[in-house]
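Asks: A predicted structure for the sequence below; I have some questions about it.
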Amino acid sequence: MFNERIYNFSAGPSMLPLPVLEQAAAEMTNYRGSGMSVMEMSHRSKAYLSIFEETKADFKRLLAVPDTHEILFMQGGATLQFAAVPMNLIGTTGKADYANSGNFANLAAKEAKKYGEVRIAASSEDKNHTYIPAQSALKISPDAAYFHYCANNTIEGTEWKYIPATGGVPLACDMSSNIMSKPVDVSKYGVIYAGVQKNMAPAGMAVVILDKKLAGKELAYTPKLMSYQVLLDSDSMHNTPPCYTIYMLGLVLKWLDRQGGLAGMEKIKAERAKILYDYLDGSPLFKGCASPEARSDMNVTFRTGNEELDAKFAKEAAAAGFENLKGHRNVGGMRASIYNAMPTEGVVKLVEFMKNFELKNK
Ligand SMILES: *Cc1c(COP(=O)(O)O)cnc(C)c1O
């Protein structure tokens, strides 16, 4: 039992900023004099539409989304986008190229195979996805309807440090675990999508940032709710949207503004990750798993080399208030997910805890 909030290193759903939770709590039963909770409002009501519009506008401003692109709120998380992307985009040529840089990237490619010909343009499987394929290794064909990659590999702890050049092939990207952690040149992308529960909001939604000219070419059997064109035409309100999740996203975006927007966040997240990586690089006990040039600033993977000791560490850390440090079941070891809402102090204290553990387990 904890009487205070702990440092939750979960890969998702993950920490939300405390001021956001406090504001949501204060507004929970009577939202700004409306006499009801946001959860109870009609999604067509004036009060709700103003939340919706403001959230969308803040999102576009923070990520500097150009006028060529629109944002869509879609249910089904990032996983449904593994199908939505091919259903909406693959029809133009019937073929798509995928980079396999980790578990989620691979899942996306597998799902896409149901809807067309999928070619693996590059893979890091030969080294257990501990690195990111170089631009020169990407085999992208001009007849690909799109090229898909996963910007941050949540499970393996690697992150693409460059935006792939595709020679004009539309770029599709899963940014679930690093969206809103730094500025991004959205104009380079055909479609970006992200499940919101890592860096932006409680679970229940994906945000899709779409180059509008790519809409309207979906496969004939695409469900209406998965059609980018239908969502565009209805402003993401073809049916009841995940109203409360969108409201929470709005509060998180206001909080992001107070951190200095995405430029501010980029600085914070780089410093926060460096504290942990610097420690790992000097530690005689813990070793980082990812190749140094590919390291993620969002998911830090590490291990001792001894599975029993890893398990002991995760257990003792949890008891001390550092929760969810056990690595993903596919890869073992440990993983500290340090998304936007993780205070830098949480990482400083984790490193202190690790130093003590190291001394006791030499
Ligand atoms: C978590 C995650 C997913 C899966 O997200 P859901 O919203 O649970 O479907 C997909 N891709 C990446 C990169 C993730 O981190």
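Replies: Received, thanks. This structure is a prediction, so every number in the text was calculated from the model and none was measured.
Asks: alpha carbons only for contacts and neighbour counts from here, please
Replies: Noted.
Asks: residue of the stretch 251-362 of the chain closest to the ligand, please.
Replies: residue 299 (9.5 Å; Cα to the nearest ligand atom).
Asks: and the pLDDT at that residue?
Replies: The per-residue pLDDT reported for residue 299 equals 98.
Asks: what do you get for the one 4 residues further on?
Replies: Taken from the predicted model, the pLDDT recorded for residue 303 is 97.
Asks: what of residue 85?
Replies: For residue 85, pLDDT reads 98.
Asks: and for residue 21?
Replies: Value for residue 21, per-residue pLDDT: 98.
Asks: now swap in residue 3 and tell me
Replies: 87.
Asks: over to residue 28. Which of the three states is it?
Replies: coil (DSSP: H, G, I helix; E, B strand; the rest coil).
Asks: in stretch 61-70, what counts as buried?
Replies: By 16 or more other Cα atoms under 10 Å, the buried positions in stretch 61-70 come out as 62, 63, 65, 69, 70.
Asks: quick check: mean pLDDT of that stretch?
Replies: The model assigns stretch 61-70 a mean pLDDT of 98.
Asks: distance from the chain centre to it, please.
Replies: 18 Å (Cα atoms, centre = their mean, to the nearest Å).
Asks: which helix or strand contains residue 257?
Replies: helix 243-258 (DSSP states H and E).
Asks: what about that helix, near the ligand?
Replies: No: judged by Cα under 6 Å from any ligand atom, helix 243-258 makes no contact with the ligand; its nearest approach is 12.8 Å.
Asks: close to the ligand: what parts of the stretch 101-250 of the chain are there?
Replies: 104, 150, 152, 153, 154, 174, 176, 177, 195.
Asks: mind listing the helices in the stretch 1-150 of the chain by residue range?
Replies: For the stretch 1-150 of the chain, applying DSSP state H, counting those that start in this stretch gives helices covering 18-26, 46-62, 77-89, 103-112.
Asks: please name every helix or strand in contact with the longest one.
Replies: Right, helix 46-62. helix 243-258 (3 or more Cα pairs under 8 Å, 6 or more residues apart in numbering; DSSP states H and E).
Asks: and the helices of the stretch 1-150 of the chain: which comes nearest residue 168?
Replies: helix 77-89 (14.5 Å; Cα to Cα).
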